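A.B. asks: sequence and predicted structure are below.
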Amino acid sequence: MKPRRLPTALLFLAPNLLGFLVFTLVPVGLSLAGSFTNWSLRPAVPLHFAGWDNYARLFQDRDFYFYLYNTFYLMLALPFSIAGALLLAVLLHGRFSFARPRRAPVLAAASAAIALGSAAVLALTGSPNLAYVVGALGLIAALGIRFGPVAYRTVFYLPYFTAGAATIILWSQLYNPNFGLINQGLRHLAAFGGWHVAGPGWLTSTRSLLGFLPWPAHFNNGGFGLGAREAIMLMGVWGAVGGNNMILFLAGLANVPPELHEAAEIDGAGAWARFRHVTWPQLAPTTFFVVVISVIGGLQGGFEQARLMTFGGPAGATTTLSYYIYQQGFERLDLGYGSAIAWVLFVLVFGLTLLQWRHGARDGTD
Amino acid sequence: MARDFRTLLKHLLMVFLAIAMVLPFLWMVGASLKPNAEIAHPSLVPEHAQPVNYAIVLQRAPDPHTGRILELDFPKWYFNSFFVAAWVTSLQVMTSALAAFAFSRLTWRGRDTVFLLYLGTMMIPSLVLMLPNYQVMVRLGLVNSYSGLILPMAFSAFGTFLLRQFMIVVPRSYDEAAEMDGAGPLQVFLDVILPLTRPGLITLAILTFLGNFQSFFWPLVMVKDEYLRTLPIGLLLFQTDYGQQTELIMAATVMNIVPLIVLFVVMQKQLVSGIQLGGIKG
Amino acid sequence: MRALIAGLLAFLLILSGVARLLRPSRLPPGVTPLVWASSKNPYRYGQIDYFNATHPGLRLRLDGGNADFQRIIVQTCSGVGPDVFDVLKGSYLQAYVEAGVAWDLTAAAAADGIAADRDAWPAVHNEITYEGRQYGYPAGVGCFLILYNKNVFDRRGVPYPTDGMTWEEFLQRLTRVSGVLPDGSRIWGTNAVDYAGTAPAAFFWKAVFYSRHGEFFSPDGTRPTIDTPDLRVALQLHQDAIVRYRVLPRTVDVGAGTGQGGWGNPATTQFAEGHYATIVSGKFALASLRGFVEMQKRDLARWEADPARQRTEPRPEVLRLGVARLPHASGRPFACVALSQTVVINPASPHRAQALAFLRFLASDAYAQRVESYGIPGNPRLARTDYPVTDPELAEHEITRCEVESLRDGYQTRKSPFLLDFDVDRALDAQVARLEADPSLDCGRLLAEAQGELEAMLRLNLSRDPRLAAEYHRRIGAGALTSNP
């Protein structure tokens, strides 16, 4: 390929670059500079250079290490949500059409009829909840059979649509240790086996799955169990698995040339072999992108849940570094320190991304 | 016959997986029809359905607790969210595509360094950029305006990164074929690369639109006048010191989602047909 | 592709045109708009309508998005905030003043009949002034009380709480009334969670501390007094209430116990539903309890009109409220902290002079009449206990009487310019959260930690601000002979 001159490249880059400079680079610069000062939201405090004071304070801050632990802990859910998204994408990418196209509407109507019928029966015999669920499932099945994977993709994306206040309220309800559906379900299940359990504390508990390890005292470790961190992680996986990552994988899968698949089939490769040797390598740029973005997001994450749902509690168990930045910058009005934390976080993220880059980046045919 | 049976099984598997995704949503729809007192009850279905909740949110019926019509403006908030998201998405897709082209197809000095710089800025927690960004907006006089909501969101390293990944898999043979026909870089961009990266473009559009629709913190800080309120900020009005009208929040959310679902389905159709049209021939 | 781009652009331009058309029309000339950032209290609308009707040149509008602390700070720092806004806690006022978003109206107030020392309750002096300057006027004042559910006490056969009990007596009474019922549901003794801040925070220990006339700072403000016997007693009693007496739930359990829905903050709703025998609350709870009681009365009326329901369901209950003043520390006179919901003016507002008219309104009789159904007006001369009531079950006159008496004995904790109250709150809330999560921890040790943390923070504040450091050394030097080691 003929090398292009810089001017051409700049022309293409210009609109993006301009916005980048004004809305990203300048604030970035300001915040980096701010981390070396005593920048505070109190106008009465004169701004002056503070050198490495903020950073020194950071490295001696017990809370910083605790919240760093929390941040990494919550990222333990990432492999599950990425793998789940990939799995869903692969499933949805496959063939869903019937050999005889006219079978689809018939089957759709049939499943709708069966579901509605059973729903009616259930409703009349006094199980309105079950009727509702069965009816909904029948509707989904009918839509899926008639319209194909589009319907399923939309259903899986629903958690993303409802992100925000509604989801927070929803999951707070579900996680209620006394009345929530999750613990109620667990109790019913245990009752089948004859056990009587109270159910995990979820958002009210400082326990965690790694709680049996000897963490320092101020890590507020309640021991082994399912606590607030697990609750946040579960909610995260639920929301992420059918969300943007799945869409990205679907788009990546769409980019795989079908001829490669056909060639592999002709060569006698089975489904798993095809996946390993054709799909997975072709998916590499997308996978790389998803992993990088997820790690970046994970290290910066936990803010919404902490701010709206748990307020960082119980006893700081769900405070991640971004929430700590918020507390320092906007509640304590100490933006210098908040910026310093943010930049240390940046170094972490950058380092991790660089590692991934060295390991996984492919540059196409260049 | 056997194949169709397997397909049917596949469908059933998807429906089964869908249960987990959809159950909370079913609760949401049920809650939107519940009277306030029943919200705490652990059932999906209300005992005394109250569809007037939707009328209350749309300002057609008075709020039972205060006896007044709520001072909301759901349609306006919807329009604002849609308007801002539409502009942000269009600007972002276009500028990101242009920049991604520069990073993937053109070779120039410092390309990889600048790209890493772009990537680097994505890694700074946006919280900490918020206040400096706000100061910049004040200097530019864009606070409390549509431009203030749109412009900072319209330029994104994320979009550039994403489209670059899609562009680097397009074989160079296409570019070369076009160049041999005398096409300049802009034409290569418009006529060769863009159509072939359609799945990527549509994906970015979907992600950006939906992400921006739900964005909360930036409009919270930027918007002072009521006519500029977007949906997530408007929904805040249902949560006050004096109570949280969950059933109204759920009704508003359900109304919020329905057009988004329609949009999503439409865009997916584009994604699918894009695959078939832009399929890379060997 | 080009056609697509062109079409998209055209679509966006059309949308922009629509947006321009939908912009609201300007107000008629000569009318000054004012924005009040407050909470969506249902009674606000009546107050605002009256104000607008009697002040033709002004048009006040409620921005009910919960005067969110961070939002106010960010917006007012950049000049686009509301004209007047609510400050819920004295510690917030301090933070706002330090951030420069509260207008010093000491001079204007004296002439306008809203002076802190003449026209407002003395007990809330520290909530509307800071370092000797006045920054606002109360939209409502109050004290915490014990509100109790007479139905629950009657059912359990326990006598009602009264004024003048000690904490131990109160907790003993609660152990008798609380417990697990045969159907598995649980009645707690009391509920004391403070929702005025950014996160729900335990309040019981604070109520105990305030009853001992506790202070967080030394008299000259140069030292936080955290590791002290008073605070140790308060924390210990808090822990005992949870672990030994078992009448107080942990703060996280209160949040979890609700259905995350319902009118009124979660603690009040649960109390109204009968899960708590008492609640540490104030007259402001009436704003939500009134709606609840009216709903119950409607349900009762429906039941009485429906014989079929009368056969199958028991008679629906209507909440009956009782009130008592907070317990006092044994061996000490009664003390409690007075609270104020203060309205503050934004110094960057172009209409701040006109905003004073609104503060004057808050000191007027017309406003007092519109606030007394759920609060106490800031002007002590206007507090009435004989206004007409609609729901006698709510014991409004009793509540008003109790609050007015408590306000007379109320005090405000000292603030220090060297350390934000905010920080003290957060440091202590963190320790209390740890204590609630792990009752085996020792109160003394936690307080010693908090003391160390706050002293470090104070030194940090001094190192960052030379003006503050100078003042600090001046005070230390002046009080060198009298300050305690």
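C.D. replies: Everything's here; your move. Residues are numbered from 1 along each chain as shown, chains lettered A, B, ... in the order given.

A.B. asks: single out the residue in chain A that lies closest to chain C.
C.D. replies: A:F311 (3.2 Å; Cβ to the nearest Cβ). In short, each C-beta sits where N, CA and C put it, glycine included.

A.B. asks: what about the helices in the stretch 1-150 of chain B?
C.D. replies: For the stretch 1-150 of chain B, helices defined by DSSP state H, counting those that start in this stretch occupy the ranges B:2-32, B:52-57, B:74-104, B:111-122, B:126-140, B:146-150.

A.B. asks: does any bit of the shortest one sit next to chain A?
C.D. replies: Looking back up the chat, that one is helix B:146-150. No: contact of helix B:146-150 with chain A (Cβ under 8 Å from any Cβ of the partner chain) is absent, the minimum separation being 10.8 Å.

A.B. asks: so what's residue 330 closest to, chain neighbours aside?
C.D. replies: Answering for chain A, as no chain was given. Excluding the flanking residues, the one nearest A:F330 by Cβ to Cβ, 6 or more residues apart in numbering or on different chains is C:Q70, at 4.5 Å.

A.B. asks: I was after chain C.
C.D. replies: C:T166 (4.2 Å).

A.B. asks: again with B:Y174
C.D. replies: Closest to B:Y174 by Cβ to Cβ, 6+ apart is B:V192, at 5.1 Å.

A.B. asks: the stretch 51-200 of chain C: strands as residue ranges?
C.D. replies: C:58-63, C:84-87, C:129-130, C:133-134, C:136-143, C:145-149, C:179-180, C:186-187, C:193-194 (DSSP state E, counting those that start in this stretch).

A.B. asks: tell me the mean pLDDT for the helix or strand containing C:C402?
C.D. replies: Per DSSP states H and E, C:C402 falls inside helix C:396-408. Averaging pLDDT along helix C:396-408 gives 91.

A.B. asks: next, the angle from that helix to strand C:145-149.
C.D. replies: 160 degrees (axes from the mean of the first three to the mean of the last three Cα atoms, to 10 degrees).

A.B. asks: where in chain B is pLDDT low?
C.D. replies: Applying pLDDT under 70 to chain B flags residues B:1, B:40, B:42, B:64-68, B:237-244, B:271-282.

A.B. asks: check what contacts stretch B:157-168 and list those residues.
C.D. replies: With Cβ atoms under 8 Å, 6 or more residues apart in numbering or on different chains as the test, stretch B:157-168 has contacts from A:16, A:20, A:24, A:248, A:251, A:255, A:285-286, A:288-289, A:292-293, A:362-364, A:366, B:92-93, B:95-97, B:99-101, B:103-105, B:115, B:118-119, B:121-122, B:193, B:197, B:199-201, B:203-204, B:208.

A.B. asks: make a PyMOL selection of the buried ones in those.
C.D. replies: Per 16 or more other Cβ atoms under 10 Å in any protein chain shown, the buried members of these correspond to this PyMOL selection:
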select buried, (chain A and resi 16+20+24+248+251+255+285+286+288+289+292+293) or (chain B and resi 92+93+95+96+97+99+100+101+103+104+105+115+118+119+121+122+193+197+199+200+201+203+204+208)
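
A.B. asks: still on that earlier bit, doesn't the residue nearest to B:Y174 fall inside a strand?
C.D. replies: No: under DSSP: H, G, I helix; E, B strand; the rest coil, B:V192 sits outside any strand and is assigned helix.

A.B. asks: wouldn't it be in contact with B:A178 here?
C.D. replies: Yes: the criterion here is Cβ atoms under 8 Å, and B:V192 meets it with B:A178 at 5.1 Å.

A.B. asks: return the set of buried residues in the helix holding C:C402.
C.D. replies: C:396, C:399-400, C:402-404, C:406-407.

A.B. asks: chain center to the helix or strand following that helix: distance?
C.D. replies: With elements assigned by DSSP H and E, the helix or strand that comes after helix C:396-408 is strand C:410-411. The chain centre lies 15 Å from the centre of strand C:410-411; the measure is Cα atoms, centre = their mean, to the nearest Å.

A.B. asks: packing partners of the very next helix or strand once past strand C:410-411?
C.D. replies: For strand C:410-411, the following helix or strand on the C-terminal side (DSSP H and E) is helix C:421-437. If you count contacts as 3 or more Cβ pairs under 8 Å, 6 or more residues apart in numbering or on different chains; DSSP states H and E, helix C:421-437 packs onto helix C:90-98, strand C:201-202, helix C:229-243, helix C:251-257, helix C:443-464.

A.B. asks: what is the longest strand of chain C by residue count?
C.D. replies: Counting residues, the longest strand found in chain C (DSSP state E) is strand C:336-345.

A.B. asks: average pLDDT for that one?
C.D. replies: Strand C:336-345 carries an average pLDDT of 90.

A.B. asks: sheet partners, orientation included, of that strand?
C.D. replies: strand C:84-87 (antiparallel), strand C:136-143 (antiparallel), strand C:410-411 (parallel) (DSSP bridges).

A.B. asks: next, count neighbours for the residue of chain A closest to chain C.
C.D. replies: Other residues within reach of A:F311, judged by other Cβ atoms under 10 Å in any protein chain shown, total 21.

A.B. asks: list phi and psi for it.
C.D. replies: With angles defined as degrees, to the nearest 10, A:F311 sits at phi 50, psi 30.

A.B. asks: same question, C:Y245
C.D. replies: phi -80, psi -30.

A.B. asks: okay, now it: neighbour count?
C.D. replies: By other Cβ under 10 Å, neighbour count at C:Y245 equals 18.

A.B. asks: name the residues of the helix or strand hosting A:A190 that are buried.
C.D. replies: Using DSSP H and E, A:A190 maps to helix A:181-192. Across helix A:181-192, burial judged by 16+ other Cβ under 10 Å covers A:181-183, A:186.

A.B. asks: interface residues of the stretch 51-200 of chain A facing chain C?
C.D. replies: Looking at chain C, the residues of the stretch 51-200 of chain A close enough under Cβ under 8 Å from any Cβ are A:57, A:169, A:172-173, A:175-179.

A.B. asks: a markdown table for these, including pLDDT, distance to C:S16 and secondary structure?
C.D. replies: Below are these laid out as a markdown table (pLDDT from 0 to 100; distance: Cβ to Cβ, whole Å; DSSP: H, G, I helix; E, B strand; the rest coil):
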| residue | pLDDT | distance to C:S16 | secondary structure |
| --- | --- | --- | --- |
| A:R57 | 89 | 48 | helix |
| A:I169 | 78 | 35 | helix |
| A:S172 | 83 | 39 | helix |
| A:Q173 | 78 | 40 | helix |
| A:Y175 | 86 | 43 | coil |
| A:N176 | 81 | 46 | coil |
| A:P177 | 81 | 50 | coil |
| A:N178 | 76 | 51 | coil |
| A:F179 | 73 | 48 | coil |
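
A.B. asks: export those to TSV and tack on neighbour count?
C.D. replies: Formatted as TSV, those follow (neighbours: other Cβ atoms under 10 Å in any protein chain shown):
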residue	neighbour count
A:R57	17
A:I169	24
A:S172	23
A:Q173	24
A:Y175	27
A:N176	25
A:P177	19
A:N178	16
A:F179	16
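
A.B. asks: identify the farthest-apart pair in those residues.
C.D. replies: Using Cβ to Cβ, those span at most 43.6 Å, a distance reached by A:R57 and A:F179.
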